[in-house]
Structures are given as C-alpha cells and as structure tokens.
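In: Based on what follows, work out the 3D shape:
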Amino acid sequence: MANYPDIKGFNIQSKSSDPVPFAQAKEDSPWAGTWASGNNLNTARHQLAGAGIQTASLAIGGSTPDSSTSFLDVVETYNGTSWTEITEINTARSLMGAGGTNTSAIIAGGTTTALSTNEVNNVESYNGTSWTETTEINTARNRLGAAGPASTAVLIYGGKVPPHSPTSATSTDVVEKWNGASWTEVNELNSGRYSMASFGTSTSAIAAAGARNPPPGQVAFVESWNGSAWSETSDVTSSNKTDLAGAGASNTSGIIFGGENPGPAAIANTESWDGTSWTESNDLSTARYFLAGDGTSEVAIAFGGTPGSGVSANTEEWAFSGIPPTATAVGYADAIVGDMYYNSSTGSFKAIKNGGAPIGAWASAPALNTAKVGGSSGGTQTALVFAGGYDGTSPGATNTSETYDGSSWTEGNNLNTGRIGLGNGLGTATAQLAVGGVPNSVLVESYNGTSWTEITEINTGRSELASSGTSTAGLAAGGTTGSVSALTELWNGSSWTEVNDLNTARRQTSASGTSTASFLVSGETPPNNFKALVESWNGSSWTETTALNDARANARTSGTTSAMLAYGGNTPPFTGNTESWDGSSWTEVADLATARSGSSSTPSGSSTSALAAGGSSPAGPGVDTSTEEWTAVDFQIKTVTTS
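Out: Residues are numbered from 1 along each chain as shown. Modelled structure (predicted):
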C-alpha cells in the first residue's frame with residue numbers, strides 16, 4: 001500500500017475572499033473628490049471672506065449685488081449642517097483677506113465703496129464672541145490673498161491698490177506677516193497680482209492664478225511660499241482665471257475652485273494640488289466667482305459668490321473618498337501567479353494566472369530639479385538617469401543630468417555636450433549611452449554611474465531617433481538627418497554598424513527591448529503625419545506588427561516585446577493616453593495625470609513599473625518638471641471548472 005506522504009499532493013488554501021492586490025484596490029477605489037450640497041447661507045452675497053474648516057467655518061462681510069454700494073457687516077458661522085448669524089464686523093466691507101478659525105479669526109483690508117474703489121487697511125480680530133479693531137496693515141488693499149489657520153500667524157499677499165478704475169487696477173506684490181500683535185513686510189511675490197486663490201499657513205502658502213495689471217491680465221501661474229521666499233511652481237491646468245477660492249493646509253496640499261474666465265464667465269472647475277502638479281477634479285455644482293472657501297484638500301467648503309448675475313447663498317461641501325496616493329500596500333493581499341485556493345464565500349476553486357491588461361494607475365512623484373523634454377533617459381522606475389534635452393530657455397539645449405532613486409531626483413555630473421532630441425538611453429542608471437541629438441549629432445556619450453565620457457560616434461548624425469538595448473549591445477533607428485530617416489545602426493560595445501532600415505522612415509519615436517528583440521513605436525513624418533505604427537526588430541530586420549490604438553509622436557515606452565507600456569505623446573494636442581502590450585494586442589489603460597510629450601522613458605522597466613518625468617505639457621507651459629510613477633499588476637483570477 002502507498003504511504004500517505006507519497007500521495008497527499010499539495011495543500012489547497014481556503015480564503016473567504018479573493019486576494020486584492022494594492023494596484024487593484026486603487027483601481028477599484030480611486031482617490032477622487034466630489035462636491036455635495038450643503039444648507040444655504042442666510043444672506044446671499046459675494047466678495048465675502050471665509051475662515052475655519054468645513055464643519056466650523058465663518059462667512060464674513062461681502063456685498064450684494066455687484067453694482068450696489070450695499071456692503072455687508074453680516075457674519076455667519078457654519079457647524080457642518082447649517083449657518084447661524086453671529087456678531088457683525090465693525091466695518092462693513094468686501095474683498096478682504098481672512099485667516100484663523102471660527103472662534104479666533106482675523107480679517108484684513110478690503111473695500112467699502114462700489115466697484116472696489118477704496119482700498120482700506122482696517123484689521124479686525126474675532127475672539128469667538130466679538131470683533132475688535134486691531135493693528136492696521138501697512139499697505140491698504142483689496143482682493144488680496146491670505147493664509148493661516150491660526151489668528152496669531154497669518155500671511156497676506158498681493159491685492160489691488162490705486163489707481164481705482166477696475167480697468168486700470170494696479171496689482172501689488174507686497175506681502176505682510178501677522179504675529180498676533182503687528183504686521184511685518186516680508187519678501188514680495190515674484191509677480192504681483194490680485195483676485196487669486198490662496199491657502200496654507202504663514203510659513204507654507206500658495207498663490208494661484210489671479211489677475212495682473214499692467215498686463216498680461218488674467219494669469220495661470222502659481223507661486224509657493226516656504227516661510228522666507230516665494231518660488232514659481234507648476235501652473236494651474238485650466239484656462240487663466242480670477243476671483244476664485246482655495247482651501248488647503250500647506251503649500252503641498254490644497255484645492256482651488258470656481259472663478260471667472262475673461263468675459264466674464266463663471267466657471268465650476270476644481271483643481272487638486274499635491275505639491276508637484278495640479279489635477280482637474282469634479283466641478284462645483286454651481287459655477288460662480290467672488291466666492292469664499294475654507295478647509296483642506298480633503299475636506300473643504302465653498303459658499304456665496306455670483307453665478308454671473310445676482311448673488312448666491314449656495315453652499316457646497318468637498319470630500320475625497322477612495323485610497324489616498326500616499327497609502328501603503330500594508331493590509332492588501334498579494335496575489336501570487338500559480339496559486340490555487342478555495343473561496344469559501346462563493347464555494348468555488350480559483351487559480352491565479354498570467355494574462356490580461358495591467359491594472360494600475362499613475363501616481364505623482366517628486367519633480368525634476370530642471371525642466372526638460374527630449375532628453376536621454378535609461379533605467380527603471382527606481383533607478384533612472386535623465387540627461388540633456390530642452391529646458392525651456394533659448395537656445396535651451398541643456399547638459400544637465402539627474403538620477404532618480406525611487407524617492408527623489410539628484411543632480412549629477414553633466415553631459416559633455418548639451419543636446420536636444422536624443423534617443424532613449426541605452427542601458428541602466430549606472431551603465432548607459434546617450435545617442436545623437438540636435439543638430440543632427442553623431443555624438444555618443446557613455447555614463448558609468450558617475451560621469452559621462454565621449455565614445456565611438458554613430459555613423460550618421462541625427463536627432464529625434466529611437467534607441468534600445470544595453471550599453472554594450474544596442475541599436476539606434478529612425479530620426480531626422482534634415483529629412484526623416486529609416487537608418488538603423490547596431491552597437492556591439494565598441495563600434496556602430498549600419499544594418500537593415502526601418503520599413504517606414506520617421507522621427508520622434510521611442511523604442512524598448514534588446515539589440516535582438518525591440519519594438520519601435522509611434523513617430524511622425526512631416527508635416528504632422530502622426531503614426532500609430534509599431535515595428536518589431538528580430539536582430540536582423542524590421543517587421544510591422546500590431547499598431548497602437550492612437551497615432552502620436554514622442555510617446556515613451558517601457559518593457560519588452562512581450563510586455564510593454566507606451567505612454568504620452570503629441571497627437572496633437574498633448575496626450576496622457578497609456579497603452580499596454582501583452583504580446584498580442586495593445587489595450588488602453590489608465591492615463592497619465594498630466595498629458596505630456598517627450599518625457600523620460602524607462603526602457604529597462606516593464607509594463608507594470610514605469611516613470612514619466614518632464615516633457616512638454618499644458619501644465620509647463622512648454623517644459624514640465626512633474627514626475628509620475630506607473631504601478632500595476634497583470635494577472636487574472638480564474639474560476640476552476642471541470643468542463
């Protein structure tokens with residue numbers, strides 16, 4: 001008789017539910033914010049100020065309607081459910097700045113006459129019972145920004161100062177800081193403005209969008225305050241806007257909402273800020289400008305304003321739901337391909353198998369130190385070098401080189417020659433080649449993890465080419481020599497050899513794989529003939545294979561000929577479209593948060609782990625610094641049947 005240990009086989013696990021890996025969980029429950037209706041203000045108005053949080057907020061002053069001299073001293077407090085009138089401010093006004101809480105607040109500046117023709121320097125503080133006039137600000141103004149959750153530490157910035165005509169309003173860059181007793185002027189904004197969105201603290205604040213005079217009028221740019229100085233950061237993504245509101249706890253987390261475009265036209269747009277980039281979120285239910293808001297990036301409130309005519313009492317509450325981008329994978333089950341188990345809830349046997357499009361998402365990561373597009377990048381998501389490219393200046397060819405370690409970018413030794421339109425980096429973060437570039441360069445530089453060295457040149461100078469492989473065995477194909485090229489050259493570690501051409505000459509392509517098995521995707525032939533074309537290299541010749549779903553130029557790639565990711569590009573306009581290759585077909589998966597063209601690629605990465613940094617994008621403008629990481633799983637859970 002056979003022994004039991006010899007015939008028992010292997011254990012079948014019993015699970016009450018299917019394993020849910022972290023990437024799947026984020027796909028099932030994405031981090032997203034929505035607005036919900038709250039109870040109306042008792043007094044409809046616009047040009048008011050707010051202080052506090054969503055469940056404990058103040059609505060202060062304002063005016064009604066727009067063309068009237070009816071300025072309000074009305075103050076209401078919100079408890080998360082309804083508004084209640086409380087003690088009035090001493091000086092009726094509108095267009096002021098405010099900070100603090102619903103029991104300890106401060107208001108500064110504003111106007112007391114129609115069409116905001118009288119900038120005041122009055123300041124009042126609230127102790128939870130009454131308003132008291134206190135030390136005046138140094139520069140009288142209205143339509144100013146303010147940040148500060150504590151009434152003893154408030155920052156006010158920008159605003160409108162004389163002359164008084166709305167069509168010739170002058171914007172100021174003056175910034176003042178309140179310590180609970182006095183106002184002190186600190187470093188100015190880089191660009192004076194008024195009617196901006198503002199949020200944060202006295203040491204960590206944001207000034208977003210707004211208006212300037214002298215022109216350019218309405219602006220999209222954003223500045224960040226670190227407690228001592230302002231620095232320009234990523235622009236808002238939607239059209240230039242003014243008279244909008246903001247809510248947020250610091251210069252790394254907040255939302256902006258509402259406002260008006262030139263016209264004027266009330267808008268409902270909401271954008272979320274993660275410290276690096278802006279992402280469009282769900283709109284307000286009621287488009288409006290001259291509104292007020294309080295709270296954080298996760299829980300906020302919007303109230304009052306004008307929808308274009310008249311004034312509004314409307315209140316809306318903002319809340320995020322789903323899995324935050326900062327959440328860890330702790331508590332989520334890993335799924336191991338090859339596992340078999342019994343699901344006790346459904347009474348079925350199941351197996352975890354390969355296959356299917358990757359389930360995943362792009363998440364924000366630390367920004368580049370230097371904006372760049374069209375540089376050489378090689379490596380993986382957690383170890384990548386990005387060198388050269390265009391940095392947005394004129395002439396703009398940069399030789400800067402940065403290394404990403406999965407958590408931050410570090411500047412390293414520069415390329416010897418700055419170039420634009422290089423091929424993908426061949427190799428890894430410690431052994432990489434940077435090939436070609438503008439102007440139709442033959443240059444090749446080798447990186448050893450510390451410094452760049454010029455080595456054997458390619459035979460035909462060109463730019464906007466594609467390259468793949470390693471630092472000792474790679475290829476370079478396509479590009480432009482003045483006209484689009486089909487040339488292909490192979491690298492054996494010491495020399496370049498011309499081999500069989502591409503079937504279709506093109507430029508602005510991307511490639512991933514090895515010197516014997518690569519895909520070259522997308523591209524463009526002048527004028528603006530964008531390609532979905534994909535060609536496969538087998539070590540000796542190119543063959544057309546299954547095309548991308550969307551034609552584009554300057555897409556980027558990650559992975560191998562059996563599992564690849566193609567992302568971003570120019571269609572035009574810029575696209576965030578991401579497609580995954582499973583060995584037989586391309587499937588559209590989650591888009592980049594920021595549509596971009598000519599970003600970094602991760603040719604040594606995979607279809608489940610990639611990096612997109614920099615590139616041309618609407619958020620730049622022109623050249624961007626933002627970085628995104630792609631994380632996904634690519635398996636399927638199958639029910640085991642006997643049929």
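In: Now do the contacts for R462.
Out: R462 makes contact with G436, N440, S441, G479, T480, T481, S485, L487 under the criterion CB atoms under 8 Å, 6 or more residues apart in numbering. The C-beta positions use only the backbone N, C-alpha and C, and glycine is treated the same way.
In: cool, and G180?
Out: So G180 contacts S151, T152, A153 (CB under 8 Å, 6+ apart).
In: For the first one, give its distance to E223.
Out: Summarising the geometry, the distance separating S151 from E223, computed by CB to CB, to the nearest Å, is 24 Å.
In: In terms of pLDDT, where does S348 sit?
Out: Per-residue pLDDT puts S348 at 85.
In: Pretty sure it sits against T639.
Out: Yes. If you go by CB atoms under 8 Å, S348 and T639 touch, sitting 5.2 Å apart.
In: quick one on the thing from earlier: quick one: which of the contacts of R462 is most hemmed in?
Out: With neighbours taken as other CB atoms under 10 Å, the top of those is G479, carrying 31 neighbours.
In: Neighbours of the nearest residue to that one once chain neighbours are set aside, how many?
Out: In this structure, G479 finds its nearest non-sequential neighbour in L465, 3.0 Å apart by CB to CB, 6 or more residues apart in numbering. For L465, the count of nearby residues is 31 (other CB under 10 Å).
In: what packs against whichever helix or strand S57 is part of?
Out: Using DSSP states H and E, S57 sits in strand 56-60. Applying 3 or more CB pairs under 8 Å, 6 or more residues apart in numbering; DSSP states H and E, we find strand 56-60 packed against strand 49-53, strand 75-78, strand 105-108, strand 292-295, strand 299-303.
In: Return the list of helices and strands in contact with the first one.
Out: Counting by 3+ CB pairs under 8 Å, 6+ apart, the packing neighbours recorded for strand 49-53 are strand 56-60, strand 97-100, strand 105-108, strand 292-295, strand 299-303.
In: for the last one, same thing?
Out: On a contact count with 3+ CB pairs under 8 Å, 6+ apart, strand 299-303 meets strand 32-38, strand 49-53, strand 56-60, strand 245-250, strand 292-295, strand 315-321.
In: neighbours of F320, just the number please.
Out: Counted with other CB under 10 Å, residues neighbouring F320 total 17.
In: what sits against it?
Out: Contacts of F320 by CB under 8 Å, 6+ apart are W31, A32, G33, S297, E298, V299.
In: contacting residues for the most centrally placed residue in the chain?
Out: Most central in the chain under CA atoms, centre = their mean is S277, positioned 3.0 Å from the mean C-alpha point. S277 makes contact with S234, S364, A367, A593, T594, A619, S626 under the criterion CB under 8 Å, 6+ apart.
In: now these in JSON lines, with pLDDT and neighbour count?
Out: Putting those into JSON lines (pLDDT from 0 to 100; neighbours: other CB atoms under 10 Å) gives the following:
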{"residue": "S234", "pLDDT": "87", "neighbour count": "26"}
{"residue": "S364", "pLDDT": "85", "neighbour count": "18"}
{"residue": "A367", "pLDDT": "90", "neighbour count": "20"}
{"residue": "A593", "pLDDT": "87", "neighbour count": "24"}
{"residue": "T594", "pLDDT": "88", "neighbour count": "27"}
{"residue": "A619", "pLDDT": "54", "neighbour count": "24"}
{"residue": "S626", "pLDDT": "90", "neighbour count": "28"}
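In: Any chance of a markdown table for those residues, columns secondary structure and distance to I323?
Out: A markdown table is the format used below for the contacts of S277 (DSSP: H, G, I helix; E, B strand; the rest coil; distance: CB to CB, whole Å):
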| residue | secondary structure | distance to I323 |
| --- | --- | --- |
| S234 | coil | 24 |
| S364 | strand | 14 |
| A367 | coil | 23 |
| A593 | coil | 15 |
| T594 | coil | 20 |
| A619 | coil | 24 |
| S626 | coil | 21 |
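In: Can you name the two of the residues you listed that sit furthest apart?
Out: The span of the contacts of S277, defined through CB to CB, is set by A367 and A593 at 12.9 Å.
In: so of the helices and strands packed on strand 299-303, which one's packed in deepest?
Out: strand 292-295 (a mean of 28; mean count of other CB atoms under 10 Å).
In: next one: it to chain centre, how far?
Out: From the chain centre to the centre of strand 292-295 is a distance of 22 Å (CA atoms, centre = their mean, to the nearest Å).
In: For I455, find the nearest of the helices and strands packed on strand 299-303.
Out: Nearest to I455 among the helices and strands packed on strand 299-303 is strand 245-250; the distance by CB to CB comes to 46.6 Å.
In: picking up where we left off before, and W581, which of the helices and strands packed on strand 49-53 is closest to it?
Out: Taking CB to CB, strand 299-303 is the member of these nearest to W581, at 40.6 Å.
In: In the sheet, which strands lie alongside that closest one, parallel or antiparallel?
Out: Next to strand 299-303 in the sheet, as set by DSSP bridges, lie strand 292-295 (antiparallel), strand 315-321 (antiparallel).
In: Compute the inter-axis angle for that strand and strand 49-53.
Out: Interaxial angle of strand 299-303 relative to strand 49-53 (axes from the mean of the first three to the mean of the last three CA atoms, to 10 degrees): 160 degrees.
In: Strand 299-303 - what's its average pLDDT?
Out: Per-residue scores along strand 299-303 average to 97.
In: can you list contacts of that strand?
Out: Contacts of strand 299-303 (CB under 8 Å, 6+ apart): 35, 38, 41, 48, 50, 53-55, 57, 59, 78, 245, 247, 255, 257-258, 284, 291-295, 313-320.
In: Q24 belongs to a strand?
Out: No. Secondary structure of Q24 (DSSP: H, G, I helix; E, B strand; the rest coil): helix, not part of a strand.
In: Contacts only, for it.
Out: With contact taken as CB under 8 Å, 6+ apart, Q24 is in contact with I359, V633.
In: What confidence value was assigned to it?
Out: On pLDDT, Q24 comes in at 72.
In: Surely G436 touches L465?
Out: Yes. Applying CB under 8 Å as the test, G436 and L465 come out as touching, 5.2 Å apart.
In: Name the residues contacting each of these two.
Out: In contact with both G436 and L465: G421, L422, G423, A476, G479, using CB under 8 Å, 6+ apart.
In: Tell me the most packed of those, by neighbour count.
Out: Using other CB under 10 Å as the neighbour test, those are led by G423, with 33 neighbours.
In: any idea which helix or strand carries it?
Out: Using DSSP H and E, G423 sits within no helix or strand.
In: Tell me the helices and strands packed up against the strand or helix carrying P358.
Out: Using DSSP H and E, P358 sits in strand 348-365. Under the contact criterion of 3+ CB pairs under 8 Å, 6+ apart, strand 348-365 touches helix 22-28, strand 340-343, strand 578-581, strand 586-589, strand 609-613, strand 627-639.
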